[in-house]
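Participant: Pasting a predicted model and its sequence here:
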Amino acid sequence: MHVVVVGCGRVGSGLARILEDGGHTVAVIDKQAKAFRRLPEGFSGRTIQGVGFDRDHLRAAGIEDAGALAAVTSGDNSNIMVARTAREVFGLERVIARIYDPRRAAIYEKLGIPTIATVQWTTDRVLRRILPDAPATEWTDPSASVVLVERPVAPSWAGRRLSDLDLPGLARVAALSRLGVGQVPAADLVTQEGDVVYMTVSAGQIADLDAHLAGGTTGGRS
(Lines give C-alpha, C1' and ligand atoms only; values in the text may rest on other atoms or scores of the structure.)
Protein backbone atom coordinates (compact mmCIF):
# COMPACT_ATOMS: atom_id res chain seq x y z
CA MET A 1 0.00 0.00 0.00
CA HIS A 2 1.14 3.56 -0.66
CA VAL A 3 0.86 5.89 2.34
CA VAL A 4 1.23 9.66 2.53
CA VAL A 5 2.63 10.98 5.80
CA VAL A 6 2.29 14.72 6.42
CA GLY A 7 4.74 15.92 9.04
CA CYS A 8 8.27 14.63 9.48
CA GLY A 9 8.76 15.07 13.22
CA ARG A 10 9.49 12.18 15.53
CA VAL A 11 6.07 10.62 14.92
CA GLY A 12 6.03 11.10 11.15
CA SER A 13 9.59 9.91 10.59
CA GLY A 14 9.06 6.90 12.85
CA LEU A 15 5.82 6.06 11.09
CA ALA A 16 7.52 6.32 7.69
CA ARG A 17 10.27 3.96 8.82
CA ILE A 18 7.83 1.36 10.17
CA LEU A 19 5.68 1.50 7.04
CA GLU A 20 8.63 1.11 4.71
CA ASP A 21 10.06 -1.72 6.79
CA GLY A 22 6.65 -3.36 6.44
CA GLY A 23 6.90 -3.32 2.66
CA HIS A 24 4.73 -0.28 1.96
CA THR A 25 5.68 2.70 -0.17
CA VAL A 26 5.75 6.06 1.58
CA ALA A 27 5.79 9.74 0.66
CA VAL A 28 6.51 12.35 3.34
CA ILE A 29 5.50 16.02 3.20
CA ASP A 30 6.94 18.69 5.50
CA LYS A 31 7.33 22.47 5.38
CA GLN A 32 10.94 22.25 6.51
CA ALA A 33 13.51 20.55 4.29
CA LYS A 34 15.72 19.90 7.32
CA ALA A 35 12.95 17.78 8.84
CA PHE A 36 13.74 15.02 6.35
CA ARG A 37 17.04 14.45 8.17
CA ARG A 38 14.97 12.51 10.70
CA LEU A 39 14.18 9.86 8.12
CA PRO A 40 16.25 6.69 8.45
CA GLU A 41 19.35 6.20 6.36
CA GLY A 42 18.42 4.52 3.13
CA PHE A 43 14.80 5.76 3.13
CA SER A 44 13.61 5.22 -0.43
CA GLY A 45 10.29 7.06 -0.37
CA ARG A 46 9.43 10.45 -1.77
CA THR A 47 9.99 13.66 0.18
CA ILE A 48 8.04 16.80 -0.70
CA GLN A 49 8.75 20.17 0.88
CA GLY A 50 5.64 22.29 1.39
CA VAL A 51 2.36 22.51 3.27
CA GLY A 52 0.46 19.27 3.47
CA PHE A 53 -2.95 20.60 2.52
CA ASP A 54 -1.72 21.98 -0.82
CA ARG A 55 -3.34 19.86 -3.51
CA ASP A 56 -0.32 19.95 -5.80
CA HIS A 57 1.93 18.75 -2.99
CA LEU A 58 -0.49 15.95 -2.18
CA ARG A 59 -0.58 14.92 -5.83
CA ALA A 60 3.23 14.96 -5.93
CA ALA A 61 3.15 12.66 -2.91
CA GLY A 62 0.97 10.23 -4.84
CA ILE A 63 -2.26 10.71 -2.96
CA GLU A 64 -4.30 9.69 -5.99
CA ASP A 65 -2.78 6.22 -5.70
CA ALA A 66 -2.56 6.14 -1.90
CA GLY A 67 -4.40 3.77 0.37
CA ALA A 68 -4.01 5.93 3.47
CA LEU A 69 -2.85 9.29 4.79
CA ALA A 70 -1.62 10.28 8.26
CA ALA A 71 -1.53 13.97 9.20
CA VAL A 72 0.91 14.18 12.10
CA THR A 73 2.31 17.72 12.09
CA SER A 74 2.55 19.73 15.31
CA GLY A 75 -0.51 21.84 14.47
CA ASP A 76 -4.13 20.80 14.99
CA ASN A 77 -5.47 23.15 12.31
CA SER A 78 -2.98 21.95 9.72
CA ASN A 79 -3.70 18.31 10.45
CA ILE A 80 -7.44 18.78 10.14
CA MET A 81 -7.07 20.74 6.90
CA VAL A 82 -4.87 17.99 5.49
CA ALA A 83 -7.32 15.29 6.58
CA ARG A 84 -10.33 17.10 5.17
CA THR A 85 -8.56 17.76 1.85
CA ALA A 86 -7.58 14.11 1.56
CA ARG A 87 -11.08 12.95 2.41
CA GLU A 88 -13.23 15.54 0.62
CA VAL A 89 -11.12 16.42 -2.43
CA PHE A 90 -9.36 13.15 -3.20
CA GLY A 91 -11.94 10.76 -1.74
CA LEU A 92 -9.41 8.93 0.42
CA GLU A 93 -11.23 6.90 3.07
CA ARG A 94 -8.37 5.83 5.33
CA VAL A 95 -7.32 9.14 6.85
CA ILE A 96 -6.26 9.98 10.40
CA ALA A 97 -5.25 13.26 12.05
CA ARG A 98 -3.11 13.85 15.12
CA ILE A 99 -4.84 16.29 17.47
CA TYR A 100 -3.47 17.84 20.64
CA ASP A 101 -6.70 19.36 21.95
CA PRO A 102 -9.08 16.52 22.92
CA ARG A 103 -12.06 18.87 22.71
CA ARG A 104 -11.37 19.35 19.03
CA ALA A 105 -10.80 15.64 18.61
CA ALA A 106 -14.35 14.89 19.79
CA ILE A 107 -15.77 17.38 17.29
CA TYR A 108 -13.87 15.98 14.34
CA GLU A 109 -14.63 12.39 15.28
CA LYS A 110 -18.31 13.27 15.04
CA LEU A 111 -17.63 14.64 11.55
CA GLY A 112 -16.19 11.29 10.58
CA ILE A 113 -12.49 12.24 10.70
CA PRO A 114 -10.63 9.73 12.87
CA THR A 115 -8.17 11.41 15.22
CA ILE A 116 -5.49 10.59 17.73
CA ALA A 117 -5.75 13.09 20.59
CA THR A 118 -2.14 12.99 21.78
CA VAL A 119 -2.63 14.69 25.13
CA GLN A 120 -5.69 12.66 26.09
CA TRP A 121 -4.07 9.42 24.92
CA THR A 122 -0.95 10.09 26.97
CA THR A 123 -2.95 11.21 30.02
CA ASP A 124 -5.11 8.09 29.94
CA ARG A 125 -2.08 5.80 29.72
CA VAL A 126 -0.27 7.58 32.56
CA LEU A 127 -3.36 7.31 34.74
CA ARG A 128 -3.65 3.62 33.90
CA ARG A 129 -0.12 3.10 35.27
CA ILE A 130 -0.38 5.17 38.44
CA LEU A 131 -4.03 4.34 39.21
CA PRO A 132 -4.41 0.75 37.97
CA ASP A 133 -7.71 0.32 39.79
CA ALA A 134 -9.34 3.37 38.17
CA PRO A 135 -12.10 2.71 35.60
CA ALA A 136 -10.62 2.42 32.11
CA THR A 137 -12.13 3.38 28.77
CA GLU A 138 -10.33 1.69 25.90
CA TRP A 139 -12.26 3.02 22.92
CA THR A 140 -15.08 5.41 22.06
CA ASP A 141 -16.99 5.35 18.78
CA PRO A 142 -16.99 8.54 16.63
CA SER A 143 -20.46 9.54 17.82
CA ALA A 144 -19.41 9.07 21.47
CA SER A 145 -22.43 6.80 21.99
CA VAL A 146 -20.67 3.51 22.66
CA VAL A 147 -17.48 2.84 24.59
CA LEU A 148 -15.32 -0.20 25.26
CA VAL A 149 -14.29 -0.63 28.88
CA GLU A 150 -11.94 -3.01 30.66
CA ARG A 151 -13.13 -4.46 33.95
CA PRO A 152 -11.87 -7.22 36.29
CA VAL A 153 -14.38 -9.94 37.10
CA ALA A 154 -15.32 -9.71 40.77
CA PRO A 155 -14.92 -12.89 42.86
CA SER A 156 -18.70 -12.99 43.37
CA TRP A 157 -19.14 -13.65 39.64
CA ALA A 158 -16.74 -16.63 39.53
CA GLY A 159 -18.43 -19.83 38.39
CA ARG A 160 -21.28 -18.06 36.59
CA ARG A 161 -21.81 -17.87 32.85
CA LEU A 162 -19.97 -15.01 31.22
CA SER A 163 -23.19 -13.98 29.50
CA ASP A 164 -24.65 -13.18 32.93
CA LEU A 165 -22.42 -10.10 32.95
CA ASP A 166 -24.37 -8.66 30.01
CA LEU A 167 -27.06 -6.02 30.42
CA PRO A 168 -29.42 -6.53 27.46
CA GLY A 169 -29.57 -3.41 25.35
CA LEU A 170 -26.96 -1.63 27.49
CA ALA A 171 -23.76 -3.65 27.73
CA ARG A 172 -22.21 -6.83 26.37
CA VAL A 173 -18.96 -8.74 26.83
CA ALA A 174 -16.84 -8.41 23.68
CA ALA A 175 -13.66 -10.20 24.78
CA LEU A 176 -12.04 -11.81 27.78
CA SER A 177 -8.48 -12.05 29.07
CA ARG A 178 -7.62 -15.10 31.19
CA LEU A 179 -4.14 -15.55 32.64
CA GLY A 180 -2.95 -12.83 30.31
CA VAL A 181 -4.29 -14.47 27.15
CA GLY A 182 -7.08 -12.74 25.23
CA GLN A 183 -9.94 -14.64 23.64
CA VAL A 184 -13.31 -14.21 22.00
CA PRO A 185 -15.45 -16.10 24.51
CA ALA A 186 -17.96 -18.81 23.70
CA ALA A 187 -21.54 -18.24 24.82
CA ASP A 188 -21.34 -20.94 27.50
CA LEU A 189 -17.99 -19.91 28.98
CA VAL A 190 -17.91 -19.87 32.79
CA THR A 191 -16.06 -17.05 34.53
CA GLN A 192 -13.07 -17.54 36.79
CA GLU A 193 -11.62 -15.32 39.48
CA GLY A 194 -8.90 -13.17 37.92
CA ASP A 195 -10.62 -12.88 34.53
CA VAL A 196 -10.64 -9.48 32.85
CA VAL A 197 -13.48 -8.60 30.49
CA TYR A 198 -13.76 -6.01 27.75
CA MET A 199 -17.33 -4.79 27.43
CA THR A 200 -19.12 -2.55 24.97
CA VAL A 201 -21.51 -0.25 26.81
CA SER A 202 -23.73 2.72 26.08
CA ALA A 203 -21.72 5.81 27.04
CA GLY A 204 -24.26 7.02 29.56
CA GLN A 205 -24.56 3.65 31.29
CA ILE A 206 -21.02 3.02 32.55
CA ALA A 207 -21.97 3.73 36.17
CA ASP A 208 -24.91 1.31 35.87
CA LEU A 209 -22.61 -1.34 34.42
CA ASP A 210 -20.11 -0.88 37.24
CA ALA A 211 -22.90 -1.25 39.82
CA HIS A 212 -24.06 -4.41 38.08
CA LEU A 213 -20.54 -5.87 38.00
CA ALA A 214 -20.09 -5.03 41.68
CA GLY A 215 -23.23 -7.01 42.47
CA GLY A 216 -25.69 -4.09 42.67
CA THR A 217 -28.93 -3.67 40.76
CA THR A 218 -29.41 -1.77 37.55
CA GLY A 219 -32.83 -0.69 36.37
CA GLY A 220 -34.41 -3.85 37.71
CA ARG A 221 -31.60 -6.08 36.41
CA SER A 222 -28.98 -7.70 38.63
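Facilitator: Arrived safely, thanks for sending.
Participant: my guess is R38 meets V11, correct?
Facilitator: No: applying Cβ atoms under 8 Å, one finds R38 not in contact with V11, separated by 10.0 Å. In short, each C-beta sits where N, CA and C put it, glycine included.
Participant: Let me see the contact set for M199.
Facilitator: L148, V149, R151, L165, A171, R172, V173, A174, L209 (Cβ atoms under 8 Å, 6 or more residues apart in numbering).
Participant: tell me the secondary structure for the last one?
Facilitator: Secondary structure state of L209, per DSSP: H, G, I helix; E, B strand; the rest coil, is helix.
Participant: can you count the residues close to it?
Facilitator: For L209, the count of nearby residues is 22 (other Cβ atoms under 10 Å).
Participant: now the third one
Facilitator: Residue neighbour count, defined by other Cβ under 10 Å, stands at 21 for R151.
Participant: and after the helix or strand containing it, which helix or strand comes next?
Facilitator: If you go by DSSP states H and E, R151 is part of strand 146-152. Next along the chain after strand 146-152, taking DSSP H and E as the criterion, comes strand 171-178.
Participant: Find the nearest non-adjacent residue to the most centrally placed residue in the chain, please.
Facilitator: Among the residues of the chain, the one closest to the centroid is I116, at 6.3 Å (Cα atoms, centre = their mean). Nearest residue to I116, sequence neighbours excluded (Cβ to Cβ, 6 or more residues apart in numbering): R98, at 5.2 Å.
Participant: Can you tell me the element that neighbour falls in?
Facilitator: strand 95-99.
Participant: Show me the contact partners of that strand.
Facilitator: Around strand 95-99, the neighbours that count as contacts under Cβ under 8 Å, 6+ apart are 7, 11, 68-73, 76, 79-80, 82-83, 86-87, 105, 108, 113-118.
Participant: what's the weakest-modelled helix or strand in this structure?
Facilitator: One helix or strand of the chain scores below all others by mean pLDDT, DSSP states H and E: helix 118-130, with a mean of 57.
Participant: next one: stretch 71-80 to chain centre, how far?
Facilitator: Here stretch 71-80 shows a centroid-to-chain-centroid distance of 17 Å under the convention Cα atoms, centre = their mean, to the nearest Å.
Participant: Kindly report the same for stretch 192-207.
Facilitator: So, by Cα atoms, centre = their mean, the centroid of stretch 192-207 is 19 Å from its chain's centroid.
Participant: For it, buried residues please.
Facilitator: Within stretch 192-207, the residues that count as buried by 16 or more other Cβ atoms under 10 Å are D195, V197, Y198, M199, T200, V201, Q205, I206.
Participant: Of those residues, which pair is most distant in space?
Facilitator: D195 and Q205 (21.3 Å; Cβ to Cβ).
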